[in-house]
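Student: would you be able to build a 3D model of this:
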Amino acid sequence: MSNQLSQDQINRAAWAACDTFRGALDPANYKDYILTMLFVKYMSDLWLDMKTDYEKRYAGDKVRVERALARERFIVPEVVLKDEKGGKVVDRFPATYYSLYERRDRTNIGELINITLERIEEANKEKLENVFRNIDFNSEPHLGQSRERNRRLKSLLEDFHREELNFRKDHVGHLDILGNTYEYLIGNFAADAGKKAGEFYTPAYVSILLAKLVRPKAGDRIGDPSCGSGSLLLKVAREVPDGNCSLFGQEMNGSTWALCRMNMFLHERDSARIEWGDTLNNPKLIENDSLMKFNVVVANPPFSLDKWGHEHAAGDKFNRFWRGVPPKSKADYAFISHMIETAVEGTGRVAVVAPHGVLFRGGAEGKIRQKLIEDNLLEAVIGLPANLFFGTGIPVAILLFNKGKKAADVLFVDASREFEDAKNQSKLREQDIEKIINTVRAGKTIAKYAYRATLAEIRENDFNLNIPRYVDTFEEEQEIDVVAVQREIDQLEKELADVRQEMAGHLKELGLTRP
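Tutor: You can find the predicted model right below:
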């Protein structure tokens with residue numbers, strides 16, 4: 001339709017709404033307020049669309065309209081407020097953004113937002129239970145004292161009342177627009193949040209690369225043991241041609257877990273199972289008292305996490321660390337071991353982002369690495385450029401494991417030199433991603449870029465997977481023709497002498513002498 005808004009218009013308006021908090025709050029904190037309000041605004045518009053449709057269908061019959069709305073994927077309850085004695089009703093309104101906007105000048109607007117969120121949770125327990133428990137719109141430490149807090153919340157509600165943030169279907173047309181805006185905001189918050197960004201966001205181009213590498217199929221179960229805000233899971237789901245797959249994730253950070261639940265809902269992945277908890281110490285994706293198995297497992301876990309639960313790993317009831325217990329100061333192989341144990345036997349595919357240390361560190365990690373290789377699980381090692389991730393400039397690698405692998409060879413890819421050098425961060429371009437994908441799928445040696453190593457070669461290197469041991473990127477310096485260079489110098493000196501002589505003639509004609 002001609003009046004529909006573009007993705008860019010909506011993104012800009014949503015980012016502008018952040019001005020209310022920018023500078024006053026840490027981005028890692030104010031993202032929760034912005035994204036929660038975006039969620040409530042969208043759900044309100046969705047509900048109004050449904051309500052309008054049913055009113056037309058049932059000619060304004062309120063009973064039939066309410067009955068139909070009660071069967072929808074999202075229920076908007078009524079908020080009923082009573083006086084302090086609990087008897088007299090002092091206010092009554094539907095739990096929508098628009099009700100809050102109408103009450104934006106109230107001195108207790110923060111409390112009203114909290115109550116509205118509580119009612120929404122209660123009415124949609126199966127999908128949204130506890131999602132808003134870590135967000136407090138009446139928080140003095142985060143939002144300031146009453147007057148300042150009320151001013152900020154009023155501004156926030158007014159910011160979301162812009163025409164560009166009207167998510168009625170005749171304005172945005174398709175749900176993907178809002179889902180894209182949500183992820184756009186998460187990406188911008190990550191850019192502002194620095195080191196804290198890794199807790200909730202994997203750059204889109206890295207997620208796209210991982211998603212394409214694992215090649216998910218229709219009917220697959222897809223799991224992420226450190227799912228953050230869920231963007232990586234959603235990227236993998238988009239690679240399934242008909243979208244027929246089921247998503248599972250676990251996230252330790254409470255507010256990030258809430259973002260992931262909202263993100264899934266906004267992308268119509270209501271049935272996604274996202275658990276809250278520590279995967280290494282308390283895995284919650286359990287089925288029949290055993291670890292749930294997935295066709296595809298992906299993750300960008302925290303790099304070299306310290307104090308991860310090493311002391312309990314030897315007695316792990318799921319026996320995830322039977323190849324060896326990783327060191328207590330680095331959890332990289334703890335996550336890798338968990339991921340491999342949760343992949344379906346015989347067919348499961350695993351892709352994990354890790355620091356380069358996992359390729360060559362010795363001790364317990366070296367022994368685990370050797371067993372993984374000898375078990376013929378490692379399919380490829382892909383070196384990526386430095387400075388790809390927010391908050392850390394270290395280069396990283398992607399490790400691909402395949403439980404259905406036949407050949408014993410391992411493909412090494414050095415993709416560290418091909419990227420867009422942006423202002424503060426490196427970025428993988430579409431052509432960079434495509435080259436990596438094509439190389440991995442072909443599985444062949446490419447001079448200066450990829451090498452297919454045999455098990456014997458890897459054993460000869462003591463199971464060290466450091467990429468330069470296999471991919472020779474050395475560029476010989478071009479030979480210099482000394483005689484030709486000397487001829488060029490002689491010619492330049494002759495030309496310079498001619499110019500000097502000509503210049504001296506001009507000075508003489510002008511009656512000037514050289515200084």
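
Student: how about Leu100, what does it touch?
Tutor: Contacts for Leu100 were tallied using CB atoms under 8 Å, 6 or more residues apart in numbering; they are 40, 109, 112-113, 116, 157. From N, CA and C alone the C-beta is placed, and that goes for glycine too.

Student: again, only this time at 6 Å
Tutor: Going by CB atoms under 6 Å, 6 or more residues apart in numbering, Leu100 touches 113, 157.

Student: per-residue pLDDT, it?
Tutor: As predicted, Leu100 sits at a pLDDT of 98.

Student: next up, phi/psi of it, please.
Tutor: Note on Leu100: its backbone torsions stand at phi -70, psi -40 [degrees, to the nearest 10].

Student: ok, Leu400 next?
Tutor: phi -110, psi 130.

Student: which ones are touching the closest residue to Leu388 other than its chain neighbours?
Tutor: With sequence-adjacent residues excluded and distances taken as CB to CB, 6 or more residues apart in numbering, Leu388 is closest to Ser426, at 5.2 Å. Contact analysis of Ser426 by CB under 6 Å, 6+ apart lists 385, 387-388, 419.

Student: mind checking how far Ser426 is from Glu183?
Tutor: With the distance defined as CB to CB, to the nearest Å, Ser426 ends up 20 Å from Glu183.

Student: do Ala497 as well
Tutor: Taking CB to CB, one finds Ala497 at 66 Å from Glu183.

Student: between those two, who's got more neighbours?
Tutor: More neighbours surround Glu183 than the other of Ala497 and Glu183, with 22 against 10 (other CB atoms under 10 Å).

Student: number of nearby residues for the closest residue to the more buried one other than its chain neighbours?
Tutor: Of all residues not flanking Glu183 in the chain, Ser231 sits nearest, at 5.6 Å (CB to CB, 6+ apart). Neighbours of Ser231 under the rule other CB under 10 Å: 27.

Student: confidence score at Ser231?
Tutor: With respect to pLDDT, Ser231 scores 89.

Student: pLDDT weak spots in the stretch 351-500 of the chain?
Tutor: 390-392, 423, 474-479 (pLDDT under 70).

Student: run the last query once more with 90
Tutor: 386-395, 418-427, 472-500 (pLDDT under 90).

Student: which stretches of it form helices?
Tutor: For the stretch 351-500 of the chain, the helices defined by DSSP state H, counting those that start in this stretch cover 357-360, 363-374, 430-442, 455-460, 482-509.

Student: can I see the domain layout of this protein?
Tutor: With domains defined by automatic domain parsing, the chain comprises 7-192, 200-412+465-469, 480-515.

Student: okay, those in TSV with distance to Ala442 next?
Tutor: Below are these laid out as TSV (distance: least, CB to CB, whole Å):
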stretch	distance to Ala442
domain 7-192	31
domain 200-412+465-469	9
domain 480-515	37
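
Student: out of those domains, which one sits most buried?
Tutor: domain 200-412+465-469 (a mean of 20; mean count of other CB atoms under 10 Å).

Student: now find how far off-centre that domain is within its chain.
Tutor: In terms of CA atoms, centre = their mean, to the nearest Å, the centre of domain 200-412+465-469 is found 13 Å from the chain centre.

Student: what about the strands in the stretch 1-150 of the chain?
Tutor: 78-82, 89-94 (DSSP state E, counting those that start in this stretch).

Student: how about the helices in the stretch 101-250 of the chain?
Tutor: With DSSP H, counting those that start in this stretch, the ranges of helices along the stretch 101-250 of the chain come out as 109-123, 125-128, 140-143, 146-159, 169-172, 175-193, 204-214, 231-238.

Student: how far away from the center of its chain is stretch 452-465?
Tutor: 33 Å.

Student: would you mark the buried spots in it?
Tutor: Neighbour-count burial for stretch 452-465 flags 452-453, 458, 463-465 (criterion: 16 or more other CB atoms under 10 Å).

Student: for stretch 420-435, same thing?
Tutor: Applying 16+ other CB under 10 Å to stretch 420-435 flags 425-428, 432-433, 435 as buried.

Student: will you turn those into a markdown table that also has distance to Ala442?
Tutor: Below are the buried residues of stretch 420-435 laid out as a markdown table (distance: CB to CB, whole Å):
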| residue | distance to Ala442 |
| --- | --- |
| Gln425 | 29 |
| Ser426 | 25 |
| Lys427 | 24 |
| Leu428 | 19 |
| Asp432 | 16 |
| Ile433 | 15 |
| Lys435 | 11 |
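
Student: for these, work out which two are farthest apart.
Tutor: Gln425 and Lys435 (20.0 Å; CB to CB).

Student: that older thread, please name whichever of the helices of the stretch 101-250 of the chain is nearest to Ala380.
Tutor: helix 204-214 (8.0 Å).

Student: closest to Asp105 out of the buried residues of stretch 420-435?
Tutor: Gln425 (41.6 Å).

Student: how close does the closest one sit to Pro225?
Tutor: Distance, Gln425 to Pro225, using CB to CB: 26 Å.

Student: re the thing from before, tabulate the helices of the stretch 351-500 of the chain (CSV), appending distance to Val206.
Tutor: Output for the helices of the stretch 351-500 of the chain, formatted as CSV (distance: least, CB to CB, whole Å):
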stretch, distance to Val206
helix 357-360, 16
helix 363-374, 22
helix 430-442, 9
helix 455-460, 26
helix 482-509, 45
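
Student: of those, which approaches Arg349 most closely?
Tutor: helix 430-442 (11.7 Å).

Student: my guess is Ala397 contacts Ala386, does it?
Tutor: No - with contact defined as CB atoms under 6 Å, Ala397 does not reach Ala386; the gap is 11.4 Å.

Student: contacts only, for the nearest residue to Gly393 once chain neighbours are set aside.
Tutor: The shortest distance from Gly393 to any non-neighbouring residue, by CB to CB, 6+ apart, is to Asn387 (4.5 Å). When contacts are counted by CB under 6 Å, 6+ apart, Asn387 is found next to 393, 425-426.

Student: reformat those into a markdown table and put distance to Lys371 next to each item.
Tutor: A markdown table is the format used below for the contacts of Asn387 (distance: CB to CB, whole Å):
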| residue | distance to Lys371 |
| --- | --- |
| Gly393 | 31 |
| Gln425 | 36 |
| Ser426 | 33 |
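
Student: how close does Tyr242 sit to Asp220?
Tutor: Slight slip there: residue 242 is Asp, not Tyr. Taken as CB to CB, the span from Asp242 to Asp220 is 11 Å.

Student: overlap in contacts of those two?
Tutor: Counting by CB under 6 Å, 6+ apart, no residue touches both Asp242 and Asp220.

Student: so Arg64 makes contact with Arg57?
Tutor: No - in this structure Arg64 lies outside contact range of Arg57 using CB under 6 Å: 8.4 Å.

Student: okay, the strands of the stretch 1-150 of the chain in CSV with mean pLDDT next?
Tutor: Formatted as CSV, the entries for those read as follows, by pLDDT from 0 to 100:
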stretch, mean pLDDT
strand 78-82, 93
strand 89-94, 93
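
Student: as JSON lines, those with distance to Glu72 would be great.
Tutor: Below are those laid out as JSON lines (distance: least, CB to CB, whole Å):
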{"stretch": "strand 78-82", "distance to Glu72": "15"}
{"stretch": "strand 89-94", "distance to Glu72": "14"}
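
Student: please identify which of those is closest to Lys371.
Tutor: With distances scored as CB to CB, the stretch of the strands of the stretch 1-150 of the chain nearest to Lys371 is strand 78-82 (57.6 Å).

Student: mind listing residues that contact that closest one?
Tutor: If you take CB under 6 Å, 6+ apart as the criterion, strand 78-82 is touched by 89-95, 116, 119.

Student: and it with helix 109-123, angle?
Tutor: Orientation check (axes from the mean of the first three to the mean of the last three CA atoms, to 10 degrees): strand 78-82 against helix 109-123 gives 130 degrees.
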